[in-house]
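Enquirer: what follows is a predicted protein model with its sequence.
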Amino acid sequence: MSSGVTAQEVVAAYVARGSTAATAESLTAGLVAASLADVPGASSMLRGGVVSYATEVKAALLGVSADLLKEAGSVDPEVARQMAVGARAACGADYAVSTTGAAGPEPHDGKPVGTVFVGLAGPGGTEVREYRFSGTRAEIRAAARDAALTALLDAVS
């Protein structure tokens with residue numbers, strides 16, 4: 001992976017600490033959870049994930065504010081934060097990571113292609129990281145996956 005952080009490292013770090021993780025994914029549509037699940041032993045740390053591609057799913061399954069989604073759209077730092085909080089609660093995980101953004105080819109919710117927000121919720125609170133990736137749709141989605149894996153690793157390091 002281009003970020004330098006591998007799913008193997010994330011799984012090993014969580015297993016070593018006895019911590020669990022969950023995902024809430026929009027533009028990555030399950031890439032983060034699938035990357036973790038590809039690693040033998042992931043069942044010890046991966047609780048589950050929600051692919052919330054549609055705005056209504058973000059609200060219904062993750063508890064993201066419908067008013068926020070209506071006002072700001074889905075590509076927003078507070079949406080990313082609420083997605084992570086919702087996934088952590090829904091899956092009963094110690095940590096949860098979320099991805100939302102515009103992978104292209106067109107801007108999404110007024111945000112330029114390559115805009116990505118990665119949210120992280122854990123016992124110590126929440127944080128959101130903003131990124132501007134470039135490349136093809138697949139490259140932006142892969143970069144978002146890598147950023148989410150990095151956030152998960154940083155949370156327990």
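Expert: Ah, there it is.
Enquirer: where exactly do the helices run in the chain?
Expert: Ranges of helices in the chain, per DSSP state H, are 7-17, 31-37, 55-62, 66-72, 77-91, 137-156.
Enquirer: those helices into CSV, with extra columns for mean neighbour count and distance to R129?
Expert: For every residue, glycine as well, the C-beta is placed using N, CA and C. Shown next, in CSV, are the helices of the chain (neighbours: other C-beta atoms under 10 Å; distance: least, C-beta to C-beta, whole Å):
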stretch, mean neighbour count, distance to R129
helix 7-17, 19, 16
helix 31-37, 22, 14
helix 55-62, 18, 18
helix 66-72, 13, 17
helix 77-91, 23, 9
helix 137-156, 22, 6
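Enquirer: how about the ones you listed, which one is nearest A102?
Expert: Each of those has some distance to A102 by C-beta to C-beta; the shortest is helix 137-156, at 8.0 Å.
Enquirer: how about the CA coordinates for that closest one, as CSV?
Expert: Extracted C-alpha coordinates of helix 137-156, given in CSV (Å, rounded to 0.1, in the frame of the first residue of the first chain):
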residue,chain,number,x,y,z
ARG,A,137,-11.3,7.1,-9.2
ALA,A,138,-9.6,3.9,-8.2
GLU,A,139,-6.5,5.7,-7.1
ILE,A,140,-8.5,8.1,-4.9
ARG,A,141,-10.4,5.2,-3.4
ALA,A,142,-7.2,3.3,-2.7
ALA,A,143,-5.6,6.4,-1.1
ALA,A,144,-8.7,6.9,1.1
ARG,A,145,-8.4,3.2,2.2
ASP,A,146,-4.7,3.7,3.0
ALA,A,147,-5.5,6.9,5.0
ALA,A,148,-8.1,5.0,7.0
LEU,A,149,-5.7,2.2,7.8
THR,A,150,-3.1,4.8,8.9
ALA,A,151,-5.7,6.4,11.2
LEU,A,152,-6.6,3.0,12.7
LEU,A,153,-2.9,2.3,13.4
ASP,A,154,-2.2,5.7,14.8
ALA,A,155,-5.1,5.4,17.2
VAL,A,156,-3.5,2.4,19.0
